[in-house]
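Novice: What follows is a predicted structure for the sequence shown.
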Amino acid sequence: MARPLVPLISIDALVTAALELVDEAGDFSLPKLAKRIGVSQSSIYNHVSGREEILELMRGRIITESPYVLEDGQDWEAALRAIVRSYRDAFARHPRLAPLLVLQTVQDDQVLALYENLAVALQEAGFRGRDVVSAISTIDSFALGFALDLAAPDVVWAPPAQGYPTLTSALTHAGPSDERGEAAFDFGLEILIAGLHSRLQPTAS
């Protein structure tokens, strides 16, 4: 039988199918991926080197699906807010992907460009050397944590009718789950930026 003129699968189709599997089950395997798209496992290797490359392609996909805009002359705070919100939103759409990606070295060019923009914003703020990396790691954990928070159940805390009066009282003012999540993200982002400002302040002698 002659070989088809058009490939049966594409990189885009592989990434889409892999994301679907992760969204459904929290992971994927090459045999399950091959079954999902209706090809042999060996044919997948004609397009990618293996699982690690597919994970990086998924990382790049979700970041490009959540673009951010950095304007000329924008201060470092505005740049940081835009990048962090975009990063949080990217993982919020695929929260089950996050645990897989934190175990793997970031290699995707589009994602590295996001981190480069973070590094530029932090350097413009006044951070240097190791502090830039420490700040990026802190921001990373913050954004990923809130991405997972957006995937939390509507009722996060369910104290019994009796007991825990302070928590129960606070929860009555939290509002709907979507409002609670956004309010908490905005609250945390302002604390993060305030903390960065505080770190930049010279220590009194």
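Specialist: Now that the structure is in, tell me what you want to look at. Numbering: from 1, shown residues only.

Novice: and the chain, what are its domains?
Specialist: Here the domain parsing of the chain from automatic domain parsing is 1-48, 65-200.

Novice: a markdown table for those, including mean pLDDT?
Specialist: Conversion of those to a markdown table gives the following (pLDDT from 0 to 100):
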| stretch | mean pLDDT |
| --- | --- |
| domain 1-48 | 86 |
| domain 65-200 | 91 |
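
Novice: max-length helix in this protein?
Specialist: Secondary structure of the chain read by DSSP state H shows that its longest helix is helix 177-200.

Novice: Buried residues of that one, list them for me.
Specialist: Residues of helix 177-200 classed as buried under the neighbour-count rule (16 or more other C-beta atoms under 10 Å) are Arg180, Gly181, Phe185, Gly188, Leu189, Leu192, Ile193, Leu196. Just so you know, the C-beta spots here come from the backbone N, C-alpha and C atoms, and that holds for glycine as well.

Novice: Distance-wise, check the residue nearest the centre of the chain relative to Ile44.
Specialist: In the chain, the residue lying closest to the centroid (C-alpha atoms, centre = their mean) is Phe91, at 3.5 Å. Computed as C-beta to C-beta, to the nearest Å, the Phe91 to Ile44 distance reads 25 Å.

Novice: what's the spacing between Glu190 and Glu77?
Specialist: Taking C-beta to C-beta, one finds Glu190 at 10 Å from Glu77.

Novice: Can you pull the residues that touch both of these two?
Specialist: With contacts defined as C-beta atoms under 8 Å, 6 or more residues apart in numbering, no residue is adjacent to both Glu190 and Glu77.

Novice: ok, back up a step: redo the domains of the chain as TSV? Include distance to Arg59.
Specialist: Shown next, in TSV, are the domains of the chain (distance: least, C-beta to C-beta, whole Å):
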stretch	distance to Arg59
domain 1-48	10
domain 65-200	5
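
Novice: For Glu56, which of these is the nearest?
Specialist: Within the domains of the chain, the stretch nearest Glu56 is domain 65-200; the backing value is 4.8 Å (C-beta to C-beta).

Novice: first to last residue in that closest one, what's the distance?
Specialist: Using C-alpha to C-alpha, to the nearest Å, the end-to-end distance of domain 65-200 comes to 33 Å.

Novice: And stretch 170-181, by the same measure?
Specialist: With C-alpha to C-alpha applied, stretch 170-181 spans 14 Å between its terminal residues.

Novice: re the thing from before, which residue is the nearest non-sequential neighbour of the residue nearest to the centre of the chain?
Specialist: Ala147 (3.5 Å; C-beta to C-beta, 6 or more residues apart in numbering).

Novice: cool, and Ala174?
Specialist: Looking at Ala174 with C-beta to C-beta, 6+ apart, the closest residue is Arg180, at 4.6 Å.

Novice: The one you found and His173 touch, don't they?
Specialist: No - taking contacts as C-beta atoms under 8 Å, Arg180 lies outside contact range of His173: 9.7 Å.

Novice: do you know how far Ala151 is from Leu200?
Specialist: Separation of Ala151 from Leu200 (C-beta to C-beta) stands at 33 Å.

Novice: next one: Ala18
Specialist: If you go by C-beta to C-beta, the gap between Ala18 and Leu200 works out to 41 Å.
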